[in-house]
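J.: any chance you can model this:
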Amino acid sequence: MAEIKFEITENIGTLSESGKGWYKEFNLVSWNDRDPKYDIRDWSPEHEKMGKGVTLTREEVVELKKLLNSLDI
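T.: Below you'll find the model as predicted:
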C-alpha cells in the first residue's frame, strides 16, 4: 500500500479525547501535497497515526455550519 503524505497546516481545535489518549480534531490538512482541506478525524498524541475521518471542502464546511446553526441544542 502506498504511503499517505499529510501535513496539518492548521489545528483549528480538539473536539474530544478518547480513553486511549487519541484526539478527535478539526484541522486543515494537506493530503499528498494537494491544497489543504478541512478534516475531522482521530489522531494519536504525536500525530504519527490517524483513524478514519471525513475531509470537507470550504463550501461543505459552510453548509455544515448552516446545518449546525439551525439545530435547537
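J.: helices of the chain, residue ranges please.
T.: Assigned by DSSP state H, the helices in the chain fall at 58-70.
J.: and the strands in it?
T.: If DSSP state E is used as the criterion, the strands of the chain fall at 6-17, 23-31, 37-43, 50-56.
J.: want to try JSON lines for those strands, with mean pLDDT as columns?
T.: Shown next, in JSON lines, are the strands of the chain (pLDDT from 0 to 100):
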{"stretch": "strand 6-17", "mean pLDDT": "98"}
{"stretch": "strand 23-31", "mean pLDDT": "98"}
{"stretch": "strand 37-43", "mean pLDDT": "98"}
{"stretch": "strand 50-56", "mean pLDDT": "97"}
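J.: turn those strands into JSON lines, columns for distance to Glu63.
T.: All C-beta spots, glycine's among them, are computed from the backbone N, C-alpha and C. Below are these laid out as JSON lines (distance: least, CB to CB, whole Å):
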{"stretch": "strand 6-17", "distance to Glu63": "17"}
{"stretch": "strand 23-31", "distance to Glu63": "15"}
{"stretch": "strand 37-43", "distance to Glu63": "12"}
{"stretch": "strand 50-56", "distance to Glu63": "9"}
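J.: tell me which of those strands sits nearest to Leu71.
T.: Using CB to CB as the measure, strand 6-17 is the one of the strands of the chain that comes nearest Leu71, at 15.8 Å.
J.: how close does Trp43 get to Val62?
T.: 24 Å (CB to CB, to the nearest Å).
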